[in-house]
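Chemist: Provided below for reference: sequence and predicted model.
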Amino acid sequence: MSSVATAPKKGFDFKAFLANNGALVGLVILCLALFIATPRFLTGPNLLNIGIQVSTIAVMAFGMTFVIVAAGIDLSVGSVAALSAMGSSYAVTTAGLPDGLSIPVGLAIGALSGWVTGAMSAYGKLPTFIASLAMLTVVRGLTLVISDGRPISTSASVSWLGDDLGPIPVPIIILLLSGLLAAFVLNRTVIGKNAFAVGGNTEAARLSGIPVKKVLVTVFVISGLFAALSGMILAGRLDSAQPTLASGYELDAIAAVVIGGASLSGGVGRISGTLIGALVLAVIRNGLNLLSVSAFWQQVVIGAVIAIAVGFDVLRRKNVKH
């Protein structure tokens, strides 16, 4: 009577789990530590405050995820957010367009800005870092020109983006809906599959017939759209479009994507991971504020977290190669 050999069952692979869900584990540990340090952390009002704070960065980072997955970088998103918010408000309050066109105008500005950046990189052969850095300066300058360096009152539509819908803040609702949309596009459509292919191996993607240049332009347009939405949410919260709006937000957006497990080399990234990365940043800032830590030291902590996240990404890629 012969016996059939069966492969031994593998137990729980903690290393693999940590590699794939490190940001989530870190977020849970962080929340537990802050709950112990200050009872105010897990109160309803504070959690809503975190949700509102994370909404602008997370929405912006959703668009950034597409660019990083395609092995690019977009440094212009903060400036694009400011120009889109300013343009949407200017169109109604100064140019006299109907209020219903305010948000579409802002989104169009974001998409156009992303298209220009993508075109400079794809067809002008500029590295994405240089193309987006140039757009960062140009777009911020246009924002100052339009506003003459002064804040502009937001339209009613944009103001609503920062309002409440019953007990739930509108920014949180937009965060959830935009996250679902971004995850669907990245994981379930040709746009997302092509972005992963281009980021994983550009030359192989080109040889397999994928239009690499069009993919690059498309991911920058998507990034511009999400940046525009983020800027209008922020302007709605402030009830004014300011020329310095979202200054430096591009760094937080990149950090959220990287902390969430995306690789700066491209080909790897998840919208859920990006959301967790944005939550990590928001929880750190919120917790340090509750503990009365200086804003200067907060920057040091955030920088250290980013360095650790990038270090993990480097180690993960080395392990994959071996």
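Modeler: Arrived safely, thanks for sending.

Chemist: going forward, measure contacts between C-alpha atoms and count neighbours the same way
Modeler: OK.

Chemist: any low-confidence regions in the stretch 201-322 of the chain?
Modeler: Scanning the stretch 201-322 of the chain for pLDDT under 70 picks out the ranges 313-314, 316-322.

Chemist: all helices of it, in order?
Modeler: For the stretch 201-322 of the chain, the helices defined by DSSP state H, counting those that start in this stretch occupy 202-207, 212-238, 249-259, 271-290, 295-321.

Chemist: minimum distance to S76: which of the ones you listed has it?
Modeler: Nearest of the helices of the stretch 201-322 of the chain to S76, taken as CA to CA: helix 249-259 at 6.9 Å.

Chemist: now for the closest one, which elements pack on it?
Modeler: helix 44-69, helix 77-93, helix 271-290, helix 295-321 (3 or more CA pairs under 8 Å, 6 or more residues apart in numbering; DSSP states H and E).

Chemist: and the residue positioned nearest the centre of the chain, how far from S230?
Modeler: The chain has A61 as the residue nearest its centroid, 0.3 Å off, counting by CA atoms, centre = their mean. For A61, the distance to S230 (CA to CA, to the nearest Å) stands at 9 Å.

Chemist: give me phi/psi at the residue lying closest to D163 once chain neighbours are set aside?
Modeler: The shortest distance from D163 to any non-neighbouring residue, by CA to CA, 6 or more residues apart in numbering, is to V170 (5.7 Å). Main-chain torsions, V170, degrees, to the nearest 10: phi -60, psi -40.

Chemist: residue contacts, T244?
Modeler: With contact set as CA atoms under 8 Å, 6 or more residues apart in numbering, T244 has these partners: A82.

Chemist: pop out the phi and psi values for it.
Modeler: Dihedral angles (degrees, to the nearest 10) for T244: phi -100, psi 10.

Chemist: can we start the residue count at 560 from this point?
Modeler: Shifting the count to begin at 560 puts that one at T803.

Chemist: how close does it get to A821?
Modeler: 29 Å.

Chemist: if we can go back for a sec, which among the helices and strands packed on helix 808-818 is found nearest to L739?
Modeler: Nearest to L739, of those and by CA to CA, is helix 830-849 at 8.5 Å.

Chemist: surely A693 is in a helix?
Modeler: Yes. Per DSSP: H, G, I helix; E, B strand; the rest coil, A693 lies within a helix segment.

Chemist: please name the nearest non-neighbouring residue to it.
Modeler: A693's closest residue in space is S635 (CA to CA, 6+ apart), at 7.9 Å.

Chemist: quick check, G846 in contact with R599.
Modeler: No. In this structure, G846 is not within contact of R599 by CA atoms under 8 Å, at 9.4 Å.

Chemist: give me the more crowded residue out of the two.
Modeler: Of the pair G846 and R599, G846 is the one with more neighbours under other CA atoms under 10 Å, namely 24 against 16.
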